[in-house]
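Novice: Sharing a model prediction with you, sequence too.
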Amino acid sequence: MEYVSIVGAGTMGNGIAHVFAQNGFKVSLIDVHPPQLDKAMATIAKNLERQVGKGMITEEKKIKTLQNIVTHTTIENGVQQAALVVEAATENIDIKLQLFQQLDAFAPANAILASNTSSISITKIASVTKRPNRVIGMHFMNPVPVMKLVEIINGYDTHPDVSNTIIALSIQLGKIPCVVNDYPGFIANRILMPMINEAIYSLYEGVANVEAIDTIMKLGMAHPMGPLQLADFIGLDVCLSILEVLHKGLGNPKYAPCPLLINMVTAGKLGVKSGEGFYTYTAGNKELIVSNRFRH
Ligand code: NAD
């Protein structure tokens, strides 16, 4: 496999392009918004520079990696040579279904079509293509160049050869693959999101304050970050939408999102990206300040 196309040049797309290009693949990075492509290339260059600074790669490797990436603004032009497409566009089912119809129409007939979705059914995505046995989930973690895990999701019709190809490819990228079946939330979010929801319930019911909840999980369970801080980083809107997928898809009330989470998202308190969640984040300042609202 030589040519890989990445669709969506946002947070995840730039990291996925970085990792493939660094491992010698010819990468076509596609986004409908041209400024996103410029921003992604600048981010990749900055992150490679950091790797050079830490002695992890040479200056020559950095230049080669950047030379391995070309950008496109249309699917039609961007996937012509692809042996694999990794879709990392906005987490919206209508966008993904439309994209996979396009990918199926324009990518070579034997190309594997993978999605980096956090929560949308791979079987549903595959169902809009004429090659459901060549559609699979390839769920990278953020930040992609740093995080080792790739959660590989077999859809109902994914062929074992396709799954084995993606396992081998993940190892070639220096990652550790884990294979799961296609049910709501897969494994990562099925386990992570109820923990975050329970942390929010604990705050909502006044069992403990933000600092106590996060400190207990950090020091007691050796988590690098407390669940409320992690929720702020993921985005409270993203957490809410994944919990809704779990609740609806598995039909169990234990997944019902906490009313406090719903209220915060309705009020536009989305965490780091909006400047306020369980903590407040001042522009240019990474220091976490517990929101006054939660000081009790
Ligand atoms: P993002 O909003 O940062 O980037 C999405 C990009 O997709 C944008 O640049 C947008 O312009 C582009 N896009 C939208 N429609 C498109 C189309 N039709 N064709 C081409 N490009 C299109 O989103 P993100 O955080 O990078 O998430 C991307 C995917 O990765 C989602 O499915 C998300 O669930 C998943 N994911 C995200 C994280 C995370 O921590 N951010 C972690 C794991 C998986």
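Specialist: Right, received. Where do you want to start? Model, not experiment: these values are computed from the prediction. Numbering: from 1, shown residues only.
Novice: Can you show me the helices along the stretch 151-296 of the chain?
Specialist: In the stretch 151-296 of the chain, the helices defined using DSSP state H, counting those that start in this stretch lie at 160-172, 188-204, 210-221, 227-234, 236-250, 259-266.
Novice: Most tightly packed of those helices?
Specialist: Comparing the helices of the stretch 151-296 of the chain by mean neighbour count (mean count of other Cβ atoms under 10 Å), helix 227-234 ranks first with a mean of 23. All C-beta atoms are positioned from the backbone trio N, CA, C, and that covers glycine.
Novice: How about residues contacting that one?
Specialist: Helix 227-234 is contacted by residues 195-196, 198-200, 203, 210, 213-214, 217, 223, 225, 239, 271-272, 277-279, 281, 288 when judged by Cβ atoms under 8 Å, 6 or more residues apart in numbering.
Novice: Identify the residues contacting the residue nearest to L288 when sequence neighbours are not counted.
Specialist: Excluding its sequence neighbours, the residue lying closest to L288 (Cβ to Cβ, 6 or more residues apart in numbering) is Y279, at 4.3 Å. Residues in contact with Y279 (Cβ under 8 Å, 6+ apart) are 210, 228-229, 232, 288-291.
Novice: One more: E91?
Specialist: For E91, the contact set (Cβ under 8 Å, 6+ apart) comprises 117-120, 238, 241.
Novice: for E151, same thing?
Specialist: The contact partners of E151, by Cβ under 8 Å, 6+ apart, come to 137, 139, 141, 177-178, 180, 186-188.
Novice: swap in T71?
Specialist: T71 touches 9, 28-31, 37, 40-41, counting by Cβ under 8 Å, 6+ apart.
Novice: make it 6 Å
Specialist: Neighbouring residues of T71 by Cβ atoms under 6 Å, 6 or more residues apart in numbering: 29, 37.
Novice: Work out for me the element I44 sits within.
Specialist: helix 34-53 (DSSP states H and E).
Novice: tell me which residues of the helix or strand that that helix is followed by are tucked away?
Specialist: Using DSSP H and E, the helix or strand that follows helix 34-53 in sequence is helix 59-67. By neighbour count on 16 or more other Cβ atoms under 10 Å, the buried set for helix 59-67 is 62, 65.
Novice: Flag every residue of the stretch 101-250 of the chain that's near the ligand.
Specialist: 116-118, 139, 142 (Cβ under 6 Å from any ligand atom).
Novice: what residues go with each domain of the protein?
Specialist: Domain assignment for the chain by automatic domain parsing gives 3-181, 189-294.
Novice: With only the CA atoms kept, save stretch 163-170 in CSV.
Specialist: This file holds the C-alpha atoms of stretch 163-170, laid out as CSV (Å, rounded to 0.1, in the frame of the first residue of the first chain):
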residue,chain,number,x,y,z
SER,A,163,-9.6,-6.2,9.2
ASN,A,164,-6.2,-8.0,9.0
THR,A,165,-4.9,-5.4,6.6
ILE,A,166,-5.8,-2.6,8.9
ILE,A,167,-4.3,-4.4,11.9
ALA,A,168,-1.0,-4.9,10.1
LEU,A,169,-1.1,-1.3,8.8
SER,A,170,-1.7,0.1,12.4
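Novice: Just the buried residues out of the contacts of E151, in ChimeraX syntax.
Specialist: Entered in ChimeraX, the line below selects the buried ones among these, by 16+ other Cβ under 10 Å:
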select :137,139,141,177,178,180,186,188
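Novice: Tell me which stretches of the stretch 51-200 of the chain form strands.
Specialist: Assigned by DSSP state E, counting those that start in this stretch, the stretch 51-200 of the chain shows strands spanning 69-72, 84-87, 112-115, 135-140, 149-154, 176-181.
Novice: Now do the fourth one and strand 176-181, the angle between them.
Specialist: An angle of 140 degrees separates the directions of strand 135-140 and strand 176-181 when computed by axes from the mean of the first three to the mean of the last three Cα atoms, to 10 degrees.
Novice: chain center to strand 135-140, what's the gap?
Specialist: Here strand 135-140 is found 10 Å from its chain centre; the criterion is Cα atoms, centre = their mean, to the nearest Å.
Novice: Same check on the third one?
Specialist: Here the centre of strand 112-115 is set off from its chain's centre by 14 Å, with Cα atoms, centre = their mean.
Novice: Let me know the average pLDDT across that strand.
Specialist: Throughout strand 112-115, pLDDT has a mean value of 98.
Novice: Likewise for stretch 137-145?
Specialist: So the average pLDDT for stretch 137-145 ends up being 96.
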